[in-house]
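Participant: predicted coordinates and the sequence they were generated for:
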Amino acid sequence: MSLASLSQAGRSPELPQAIELADAAGSAELVLQQWLRVLPGQRYVAQAQWRGRSVLAKLLVGSRAARHFQRELEGARLMAELGLPTPQLLVDGLREGEGGWLLFEYLDGAESPWDAWRSVENQPLLSADQLAVLADALVSIAQMHAKGLWQADLHLDNLLRHNGQLFVIDGGGVQVEVAGQPLSRGKVLENLGVFFAQLPVELTPFIEELLVHYLLTNGEHALPLEALLKEVETVRKWRLRDYLRKIARDCSLFAASIGAFGLRVVRRDSQAELQPLLNNMDLLTEQGRIYKTGGAATVAQVQVQGRPLVVKRYNIKNFAHWLKRFWRPSRAWHSWVEGNRLQLLGIVTPRPLAVLERRWCWLRGRAYLITEYCGGQDIIARFSNYHDGSPPEIELLALDRLFAALLRERISHGDFKGHNLFWDEDLARWSLIDLDAMQQHHSARSFARAYARDRARFLRNWPADSALHQLLNQRIPLTPAVGSAD
């Protein structure tokens, strides 16, 4: 394979592949062994072999290859020159009309702080393990800022832990203000806002405590907490808007096909696994374990390569029903959006995997939603033995956490019966299902009304004179007060 042909190779070029490249010692084959990241037609990152050693290869192709190559090269050199721990750049080159390449030492066995975070994220907030991950990352960020550098797209995957040391990677995202001089306070606040906005919102009260680890390494500026929290909130809102745009288009996370005769959006990492189901939705749904059938929806558990999934098919009952539904987004699409919203906000729900709409000249018909299977008990079954007592405290605390998150994000469920709330044993959290009527409210007044209905519906799951009802009524926050200005 030539470097130029890589630009036409799509998302999954076959491996292994050999590309002839050159360095000071002459030409040699770069043997690509495993794709690590692919941006089709632009950037291909792979683990590879070069002159008998393992390397990380960044191959830049397409019309903007020269610009991206220069940015990567300058960022990598800046970090090395300023003494930041970063993988050694071994070889680089640019071939006119074909593309550029940068070969770095491969940090075998390295782990990103993001992977480390995912292994501890379900521990109690700011546990010792969580603190260790975040403190190390903040020290590394502070070292960059002290040298006048910052990562424009700062996240935990831009760092790698290898042999007890954190390395900064991704020179293409590195920006410089004044090399060797501490970053200005405004840039520091902006960049830290990006970092903290990607952490669970529940960690917000701990930001001041976490900031100490940054300031011990880079104490150049006093960092007002209020200004930092404002930056964090701004970035969080932007990230949510940006993510909800991505779930409706073809990108690195989602494979989307949207047109006059159908809509299909699938998580790219699940696309191959789901293909047999996607090709036979009705047949496999009807052959699955049916939970609900007839009327407006059919719900079934299906097995895909031994993995249980849930398909919710939204039916068109008759012509009159179709007249009500064809002109607006389907309930499957609404549930897809809200499920992805909850995922980004850290509120537990079965992971949405795919959404489909049958269309004819843009007129919508039957629609489908595929999600992961939530195998726990619903709250009715879970609390069935506690009508005259108190459920386990861990489950009550998880319920407190759920309602706090719904209040914080102004989210109403719309059908808060107990059968729509399942216990997730692995996460020790409550998981929301059936998101057809879910809504994130912009108005405090409309949210207060919707929350009051949700709260009342939830409590009606148990007799009003039961000890359990009274306990939950005391614990669950009341409807938020709304001022005259809202």
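Facilitator: Happy to help now that I have it.
Participant: report the contact partners of residue 89.
Facilitator: Under the criterion of Cβ atoms under 8 Å, 6 or more residues apart in numbering, the contact partners of residue 89 comprise 73, 76, 77, 80, 102, 103, 104. Every residue, glycine included, has its C-beta placed from N, CA and C.
Participant: what is the nearest of these to residue 418?
Facilitator: Comparing the contacts of residue 89 against residue 418 with Cβ to Cβ picks out residue 104 as the nearest, at 53.4 Å.
Participant: thinking again about what came up before, relative to residue 430, which of the contacts of residue 89 is nearest.
Facilitator: Using Cβ to Cβ, the shortest approach to residue 430 within the contacts of residue 89 belongs to residue 104, at 43.9 Å.
Participant: could you measure from the closest one over to residue 421?
Facilitator: As judged by Cβ to Cβ, to the nearest Å, residue 104 and residue 421 stand 48 Å apart.
Participant: between the two, which one's more packed in?
Facilitator: Set residue 104 next to residue 421 and count neighbours by other Cβ atoms under 10 Å: residue 421 wins out with 24 against 21.
Participant: that one and residue 480, how far apart?
Facilitator: Applying Cβ to Cβ, the value for residue 421 to residue 480 is 21 Å.
Participant: strands of the stretch 151-300 of the chain, start to end?
Facilitator: Residue ranges of the strands in the stretch 151-300 of the chain, as given by DSSP state E, counting those that start in this stretch, are 159-162, 165-168, 174-176, 254-259, 262-267, 289-292, 297-304.
Participant: next, the angle from the helix or strand following the longest one to strand 297-304.
Facilitator: Read in the C-terminal direction, the helix or strand following strand 297-304 is strand 307-314, with elements assigned using DSSP states H and E. Here the directions of strand 307-314 and strand 297-304 differ by 160 degrees (axes from the mean of the first three to the mean of the last three Cα atoms, to 10 degrees).
Participant: other SSEs contacting strand 307-314?
Facilitator: For strand 307-314, the packing partners by 3 or more Cβ pairs under 8 Å, 6 or more residues apart in numbering; DSSP states H and E come out as helix 271-279, helix 281-287, strand 297-304, helix 331-345, strand 363-372.
Participant: can I get those in JSON lines with distance to residue 12?
Facilitator: Supplementary listing: the helices and strands packed on strand 307-314 in JSON lines, determined by distance: least, Cβ to Cβ, whole Å:
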{"stretch": "helix 271-279", "distance to residue 12": "9"}
{"stretch": "helix 281-287", "distance to residue 12": "24"}
{"stretch": "strand 297-304", "distance to residue 12": "20"}
{"stretch": "helix 331-345", "distance to residue 12": "24"}
{"stretch": "strand 363-372", "distance to residue 12": "22"}
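Participant: which one, of the ones you listed, ends up nearest to residue 114?
Facilitator: For those, proximity to residue 114 was assessed by Cβ to Cβ; helix 331-345 is nearest, at 15.0 Å.
Participant: identify all contacting residues around stretch 54-62.
Facilitator: For stretch 54-62, the external contacting residues (Cβ under 8 Å, 6+ apart) are 3-4, 6-7, 19, 30, 32, 36, 41-50, 68-69, 72, 87, 90-91, 98-108.
Participant: in ChimeraX, select just the buried ones from the residues you listed.
Facilitator: Here the buried members of those are turned into a ChimeraX selection, burial being counted by 16 or more other Cβ atoms under 10 Å:
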select :3,6,7,19,30,32,41,42,43,44,45,46,47,48,49,50,68,69,72,87,90,91,99,100,101,102,103,104,105,106,107
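Participant: closest to residue 212 out of the strands of the stretch 151-300 of the chain?
Facilitator: strand 165-168 (17.8 Å).
Participant: any idea how many residues pack against the closest residue to residue 177 other than its chain neighbours?
Facilitator: When the adjacent residues along the chain are set aside, residue 177 lies closest to residue 148, with 5.0 Å between them (Cβ to Cβ, 6 or more residues apart in numbering). For residue 148, the number of neighbouring residues by other Cβ under 10 Å comes to 19.
Participant: try the one 4 residues further on
Facilitator: As a burial measure, residue 152 scores 14 neighbours (other Cβ under 10 Å).
Participant: same question, residue 275
Facilitator: By the criterion of other Cβ under 10 Å, residue 275 has 12 neighbours.
Participant: try residue 222
Facilitator: For residue 222, the number of neighbouring residues by other Cβ under 10 Å comes to 7.
Participant: show me what contacts residue 343?
Facilitator: Residue 343 makes contact with 349, 351, 352, according to Cβ under 8 Å, 6+ apart.
Participant: and those, which are buried?
Facilitator: Applying 16+ other Cβ under 10 Å to the contacts of residue 343 flags 349, 351, 352 as buried.
Participant: and the helix or strand hosting residue 457, what other elements does it pack with?
Facilitator: Assigned by DSSP H and E, residue 457 belongs to helix 444-459. Taking 3+ Cβ pairs under 8 Å, 6+ apart as contact, the helices and strands that helix 444-459 lies on are helix 393-409, strand 411-412, helix 467-475.
Participant: show me what the last one is packed against.
Facilitator: Translated: helix 467-475. Using 3+ Cβ pairs under 8 Å, 6+ apart as the contact definition, the elements that helix 467-475 packs against are helix 393-409, helix 444-459.
Participant: distance to residue 433 and mean neighbour count added to these, as JSON lines?
Facilitator: Output for the helices and strands packed on helix 467-475, formatted as JSON lines (distance: least, Cβ to Cβ, whole Å; neighbours: other Cβ atoms under 10 Å):
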{"stretch": "helix 393-409", "distance to residue 433": "13", "mean neighbour count": "16"}
{"stretch": "helix 444-459", "distance to residue 433": "14", "mean neighbour count": "17"}
